[in-house]
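Visitor: quick one: sequence plus predicted model below, questions after.
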Amino acid sequence: MSAQAPDPFGGAPERLATTAPPVPDAVQPLVQVRDLVKHFPITRGIIFQRKIGAVRAVDGVSFDVRRGETLGIVGETGCGKSTTAKLIMRLQKPTSGQVRFEGQDITDLRGADMKAIRREMQMIFQDPYSSLNPRKTVGSIIGEPYAIHGLKREKGERKRAVQELMETVGLNPEHYNRYPHEFSGGQRQRIGVARALALRPKLLIADEPVSALDVSIQAQVLNLLRDMQRRFGLTLIFIAHDLSVVRHMCDRVAVMYLGKIVETGSGDDLYAFPRHPYTGALLSAVPVADPSHHGSERRLLSGDVPSPANPPKACRFHTRCPKAQELCSRQQPQLEDKGSGTLTACHFPLSREEVAAIGVRSAG
């Protein structure tokens, strides 16, 4: 009988012997990320360049994404959310670590092998203005995945497929020959959604898909994503700043700070009882439309976010943390279950009384 090692991130157990049975598709996570690292070198010199440092954009990130679920990744600007998404998509090559898709290691795939994987994973970019080629018609933009992968070669067949996609995402199929500048911001993001859905991918990564849109349009795009997820059985990685949007969209949430995940768990557990002081501060900053809630104390973070080129040692949040003690600057905390259902990287997690004091309503 083969031995198995438990996986702290909730995925399938790692097989330690070649005789172990394969993990069924229903159990195996669609995406497995382990110790993912991306350092961007800092160089000096023009002709003879030498490396003098590195920006630690992503520094040891691990998580699983189960089939059919929505994982939200939240954090301040510059914490590494978008870089993590690009590493999973292999738009950037990791410095180290591993990304597995359906059990296959795709970290070092190239050429035709990587092209085949990209049929199964697509991305919606943050800016609906710069992510569309202004020289191409909408029909050409949405139909480009078919051209790249050699699908629907007949022009009439491809046009019908594109117009069906346009109708699916709420665009007028008669606008097939229009250019991106003739559409509003929300309509352009719908074009991006249609392009991402063209190949019927299994994984869809949405990188802040509504942050550049008016509030009145955000709900339409979010509802569209939920509808598309149900209709096509998508697995979704949703990246955002707005925690209220993440709560509406996501089954599980991972909170990032300076290239590391500091807390992760189900949306219900994390929003009801955040254990990491950084998560508590983020939730405390969310406005609440309730007059009876106005007396609660807001937890404001002091200082600026440290540079990812020179992050603090040990716990990276200790320079801004109101609960920091000497241990925090000497020993890096690990993601551990603190008894509330979430995994938290903190030596001194928040208590229920502290969570209630900073205005997180559902604590207690």
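Guide: Done, it's in.

Visitor: ok, and the closest non-adjacent residue to V246?
Guide: G72 (4.0 Å; Cβ to Cβ, 6 or more residues apart in numbering). Every C-beta, even on glycine, is put in place using the N, C-alpha and C of the backbone.

Visitor: now for the host helix or strand of the one you found, which elements pack on it?
Guide: Element membership for G72, per DSSP states H and E: strand 70-74. Helices and strands touching strand 70-74, by 3 or more Cβ pairs under 8 Å, 6 or more residues apart in numbering; DSSP states H and E, are helix 81-88, strand 235-240, helix 243-249, strand 252-257.

Visitor: for it, give the mean pLDDT please.
Guide: Strand 70-74 shows a mean pLDDT of 96.

Visitor: now mean neighbour count, mean pLDDT and distance to A198 too, for the helices and strands packed on strand 70-74, in CSV please.
Guide: Output for the helices and strands packed on strand 70-74, formatted as CSV (neighbours: other Cβ atoms under 10 Å; pLDDT from 0 to 100; distance: least, Cβ to Cβ, whole Å):
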stretch, mean neighbour count, mean pLDDT, distance to A198
helix 81-88, 23, 96, 19
strand 235-240, 24, 96, 17
helix 243-249, 19, 88, 22
strand 252-257, 25, 96, 27
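
Visitor: got a list of contacts for the strand holding G72?
Guide: 63, 65, 81, 84-85, 229, 235-241, 243, 246, 249-256, 267, 282 (Cβ atoms under 8 Å, 6 or more residues apart in numbering).

Visitor: what ranges does the stretch 101-250 of the chain have for its strands?
Guide: 104-105, 121-124, 203-207, 235-240 (DSSP state E, counting those that start in this stretch).

Visitor: neighbouring strands of the third one in the sheet, and parallel or not?
Guide: This points to strand 203-207. strand 121-124 (parallel), strand 235-240 (parallel) (DSSP bridges).

Visitor: quick one: the last one to strand 70-74, angle?
Guide: So that's strand 235-240. 20 degrees (axes from the mean of the first three to the mean of the last three Cα atoms, to 10 degrees).

Visitor: before we move on, the earlier item: let's have the strands of the stretch 101-250 of the chain in a markdown table, adding distance to Q187.
Guide: Below are those laid out as a markdown table (distance: least, Cβ to Cβ, whole Å):
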| stretch | distance to Q187 |
| --- | --- |
| strand 104-105 | 36 |
| strand 121-124 | 14 |
| strand 203-207 | 17 |
| strand 235-240 | 21 |
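
Visitor: to A314, which of these lies closest?
Guide: Comparing these by their distance to A314 (Cβ to Cβ), the top pick is strand 235-240, with 26.8 Å.
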